[in-house]
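Student: Structure of the sequence below:
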Amino acid sequence: MSQIIVAQSIHGIILAAEKRAVQVNEKGEEVSLSMDRLIRLSPACALIAAGAVEGVEMGKSLKEFLRGEGLIDVQDLYGASLAYLATEHERLMRKKCEILPIDPIHHASFILAGKTERDPERPFRLYYLWTKKKLPQLDGDEITNAFCLPRRMGLEYQLNQLGKANAPLEGILAKAREGMEKLRMQGEASGPVAWARINRDGYQSLDL
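Tutor: Presented below is the predicted three-dimensional model:
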């Protein structure tokens, strides 16, 4: 599974998504791939597609759908994205069931990040869209300060502390990069990583 790290404070959001991916073919064999899981949805919102590689295409399809809806605020995008991706995910699961037994590796999940103009005290939001129930159906939860997939509790704790202290984005980015490098040294991350931030100026890719 590719490593994903997201963290936020009142100053904005840091996003990191390893490009390594694994796909299961019709023979049940794992095939390694490289793909950009980080998708810019609007000037101040982005989506990370986690889990099954089909999630990336679902994210790109969502971007096209949202383009025609004229939604800007992340709180509006959350409702629309959850409804759209839940339908697409159910279609994916039905297709997978025809070929392979359902397994968590086939599930797609997503992290939605962006800016809202409705709450000056909490101008940025993170949401996790995932199959929280036994049935392969997408649902959503808000992420308070930081989240990693796969879960890295020590790193999450450190990033959460920075978020609660409203640390500058530069400090959060440095801690996230330090965590990703440590995972590389432990052999738990290996592929190239897409980095981005969302602040009051909107979404920006980071060349790190």
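
Student: So what does Leu183 look like in phi/psi?
Tutor: Main-chain dihedrals, Leu183, degrees, to the nearest 10: phi -60, psi -40.

Student: ok, it touching Cys148?
Tutor: No. With contact defined as C-beta atoms under 8 Å, Leu183 does not count as touching Cys148 (9.3 Å). (Glycine included, C-beta is placed from N, CA and C.)

Student: any idea where the helices of the protein begin and end?
Tutor: 54-67, 74-97, 153-164, 169-185 (DSSP state H).

Student: what sits in contact with each of Leu183 and Cys148?
Tutor: Shared contacts of Leu183 and Cys148 (C-beta atoms under 8 Å, 6 or more residues apart in numbering): Gln3.

Student: Quick check: nearest residue in space to Ala49, chain neighbours excluded?
Tutor: Sequence neighbours aside, Gly55 is the residue nearest to Ala49 in space, at 3.6 Å (criterion: C-beta to C-beta, 6 or more residues apart in numbering).

Student: Could you dump the helices of the chain into JSON lines and include mean neighbour count, distance to Arg118 and mean pLDDT?
Tutor: Below are the helices of the chain laid out as JSON lines (neighbours: other C-beta atoms under 10 Å; distance: least, C-beta to C-beta, whole Å; pLDDT from 0 to 100):
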{"stretch": "helix 54-67", "mean neighbour count": "18", "distance to Arg118": "18", "mean pLDDT": "93"}
{"stretch": "helix 74-97", "mean neighbour count": "17", "distance to Arg118": "6", "mean pLDDT": "86"}
{"stretch": "helix 153-164", "mean neighbour count": "17", "distance to Arg118": "20", "mean pLDDT": "98"}
{"stretch": "helix 169-185", "mean neighbour count": "17", "distance to Arg118": "21", "mean pLDDT": "97"}
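
Student: got the ones you listed as CSV, with distance to Leu112 columns?
Tutor: Converted to CSV, the helices of the chain look like this (distance: least, C-beta to C-beta, whole Å):
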stretch, distance to Leu112
helix 54-67, 9
helix 74-97, 6
helix 153-164, 17
helix 169-185, 18
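
Student: Leu126: which of the ones you listed is closest?
Tutor: helix 74-97 (8.9 Å; C-beta to C-beta).

Student: Can you list the helices and strands that that closest one packs against?
Tutor: strand 38-42, strand 45-51, helix 54-67, strand 108-115, strand 124-130, strand 139-143 (3 or more C-beta pairs under 8 Å, 6 or more residues apart in numbering; DSSP states H and E).

Student: Could you tell me which residues make contact with the residue nearest to Ala49?
Tutor: Per C-beta under 8 Å, 6+ apart, neighbours of Gly55: 37, 49, 108-110.

Student: Arg122 too?
Tutor: 10, 116.

Student: Roughly how far does it sit from Phe110?
Tutor: As judged by C-beta to C-beta, to the nearest Å, Arg122 and Phe110 stand 21 Å apart.
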